[in-house]
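K.L.:
Kindly return the folded structure for what I paste below:
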Amino acid sequence: MAGWSVTAFIVGLGAILAVYYYHHVQDAYLRKVLKGMLSLEANTLLEKPPKIATSFEATIDIVVNSLELFESIGLSPPEKAVAHDVVASEQEMAETFAYFFLRGAGSS
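P.N.:
As a prediction, the model looks like this:
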């Protein structure tokens, strides 16, 4: 039983040292980033206080039958599948949907 105690101690100590090292490295990196940001701020003339934006995101997956969805909004399946950079019409939306659907997106 004493062998297990020594092994557990060594493993525990190793884990503690690994966590300490990881946080020390992360802390040093974050300090460098902060120092760089403060340097940029100090070298920039601001007319008024800067605005800071933050965001939080939450997503919900909704599973529907695509053919039923297309029919309910009056779209027929597209003849071609094209990935449009900007979707400007219902037909382009259908083509973009078909493009990604054929490649496995949303098919599970």
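
K.L.:
quick one: the helices in this structure?
P.N.:
Assigned by DSSP state H, the helices in the chain fall at 2-42, 66-72, 90-102.

K.L.:
Tally up the residues packed near the residue nearest to I73 when sequence neighbours are not counted, please.
P.N.:
Excluding its sequence neighbours, the residue lying closest to I73 (CB to CB, 6 or more residues apart in numbering) is E90, at 7.5 Å. Bear in mind the C-beta positions are built from the backbone N, C-alpha and C, glycine included. Look at E90: counted by other CB atoms under 10 Å, it has 12 neighbours.

K.L.:
low-confidence ranges in the protein?
P.N.:
1-4, 105-108 (pLDDT under 70).

K.L.:
same thing but at 50, please
P.N.:
For the chain, the stretches flagged by pLDDT under 50 are 108.

K.L.:
Spit out the contact partners of Q26.
P.N.:
By CB atoms under 8 Å, 6 or more residues apart in numbering, the contact set of Q26 is empty.

K.L.:
Run a quick neighbour tally on M37.
P.N.:
M37, neighbours per other CB under 10 Å, totals 10.

K.L.:
measure it to T59 for me?
P.N.:
Counting by CB to CB, to the nearest Å, the separation of M37 from T59 is 29 Å.

K.L.:
quick revisit: take the helices of the chain and lay them out in TSV including distance to T54.
P.N.:
As requested, the helices of the chain are arranged in TSV below (distance: least, CB to CB, whole Å):
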stretch	distance to T54
helix 2-42	15
helix 66-72	34
helix 90-102	30
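
K.L.:
from those helices, which stretch is densest packed?
P.N.:
With neighbours taken as mean count of other CB atoms under 10 Å, the helices of the chain reach their highest mean count in helix 90-102, at a mean of 16.

K.L.:
by contact count, what packs against it?
P.N.:
Helix 90-102 is packed against helix 66-72, with contacts defined by 3 or more CB pairs under 8 Å, 6 or more residues apart in numbering; DSSP states H and E.

K.L.:
related to what we said a few turns ago, for V82, find the nearest of the helices of the chain.
P.N.:
helix 90-102 (4.4 Å; CB to CB).

K.L.:
residues in contact with the closest one?
P.N.:
Residues contacting helix 90-102 (CB under 8 Å, 6+ apart): 66, 70, 73, 75-78, 80-84, 87, 106-107.
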